[in-house]
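Student: need a 3D model of the following:
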Amino acid sequence: MKTYYLAVISLFILCACDATPDNTAETASPTAKKYQHAILSFGTVIDVTVLSTDEALAQQAFNTLDEDFEYWHRVWNPWLNGPLARVNSLIPTKAAFSLPLHLIPLIRQSQDYYQQSEGLFNPAIGQLINLWRFHEHEKDNKQPPDKQQIDALVAANPSMQNLQLNNIQLQSDNESVQLNFGAFAKGFAIQRSIQTLKKLGIEQAVINAGGDLKVLGQHIDRAWRIGIRHPRDKQTVIASVEASNEESVFTSGDYERYFIFNNTRYNHILDPRTGYSANLSQSVTVIDNDAGLADAAATALFVAGPEHWHRIAQKMGIKFVMLVAANGDIHMNPAMAQRIQLNSQGASVTISEKL
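Tutor: Predicted coordinates for the structure are as follows:
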């Protein structure tokens, strides 16, 4: 989880750590106050901080986001008996059917990101995700699925390109497609939530969903300060970066959901090309104004690894990237290098001029 602190000078958000507010926080202006609210959704705690002079307005915002996240969690969850589960049950028929309106933008954007990422972001591999069972919280006694089952699903090659969307009609030419928006829905929801806060008249806020966040405005007269956790030491901040206006900072890491079997680490970020955990990276942090894109890109770049991340980032339009490779080496592009402050001692740093 990520934490954030409203401190005397700036807000310090510790990515992917437990949320613990600082009791010494100052207000954003002589009359503004800090209001905080926690929402349990998408399998994590979503921490919302609003800086406002109007307590009633802050509470209205919290009530609205409560309703929105409850709705999104219900209708976009593939494991609940809801709309997405129904869609997944109809896809194997290969017949056209009417799609719920709320799923259309997720599918359309996912198809774009699928193409831009060369298929490394692929919400169509829901069967493969189910096979690995990372959504089940128990770590003990876990082991990789049967290799023949993995190979069969990889050979079936489910992809977002298998889906034809015509107005509200959806049809698939591949019965193995099962949709799981776990690498995108949270960012998509955060993007919408920030727009909701803006419409309500809120100008300064942070929405932090279990390690991924988007800011609104600035803290007083300066940017929010974001800390990025070390992928192998949750108590250590490997780097920090400033974000303002409506920037999103998203990190995908192999430390969130994983298990170790026969001395091999298996994490929940699957490589659609192999069916196994992507193992070239420890974490990837991206910055972008669009939280949905940042969410999808962080996953795709994690799978791409240190040799190919720059090409995928360029295709997806991502301008700020920091990747921690499997061996602990740090890779980033010049634009990110100008913004980020590294706190890691002794790590090898490579700045790629390819992006």
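Student: residues touching Gln109, list them.
Tutor: 184, 188, 292, 296 (Cβ atoms under 8 Å, 6 or more residues apart in numbering). Bear in mind the C-beta positions are built from the backbone N, C-alpha and C, glycine included.
Student: so, low pLDDT: which residues of the stretch 1-150 of the chain?
Tutor: 1-30, 137-140 (pLDDT under 70).
Student: go through the contacts of Gln109 and flag which are in helices.
Tutor: Using DSSP state H, the subset of those located in helices is 188, 292, 296.
Student: most neighbours among these, which one?
Tutor: Neighbour count (other Cβ atoms under 10 Å) singles out Ala296 as the most crowded of the ones in helices among the contacts of Gln109, with 32 neighbours.
Student: was I right to think it contacts Phe184?
Tutor: Yes. Because the distance of 4.9 Å satisfies Cβ atoms under 8 Å, Ala296 is recorded as touching Phe184.
Student: shared neighbours of the two, which are they?
Tutor: Joint contacts of Ala296 and Phe184 (Cβ under 8 Å, 6+ apart) are 109-110, 113, 121.
Student: put the alpha carbons of the lengthiest strand in the chain into PDB.
Tutor: Counting residues, the longest strand in the chain under DSSP state E turns out to be strand 233-243. Taking C-alpha atoms only, strand 233-243 is exported to PDB below (Å, rounded to 0.1, in the frame of the first residue of the first chain):
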ATOM      1  CA  ASP A 233      12.100  -3.400   1.400                       C
ATOM      2  CA  LYS A 234       8.700  -1.900   2.200                       C
ATOM      3  CA  GLN A 235      10.200   0.300   4.900                       C
ATOM      4  CA  THR A 236      12.600   2.000   2.400                       C
ATOM      5  CA  VAL A 237      11.800   4.800  -0.100                       C
ATOM      6  CA  ILE A 238      13.800   4.100  -3.200                       C
ATOM      7  CA  ALA A 239      12.900   7.500  -4.800                       C
ATOM      8  CA  SER A 240      10.700  10.500  -4.600                       C
ATOM      9  CA  VAL A 241       9.000  12.700  -7.200                       C
ATOM     10  CA  GLU A 242       6.800  15.700  -7.300                       C
ATOM     11  CA  ALA A 243       3.300  15.700  -8.900                       C
END
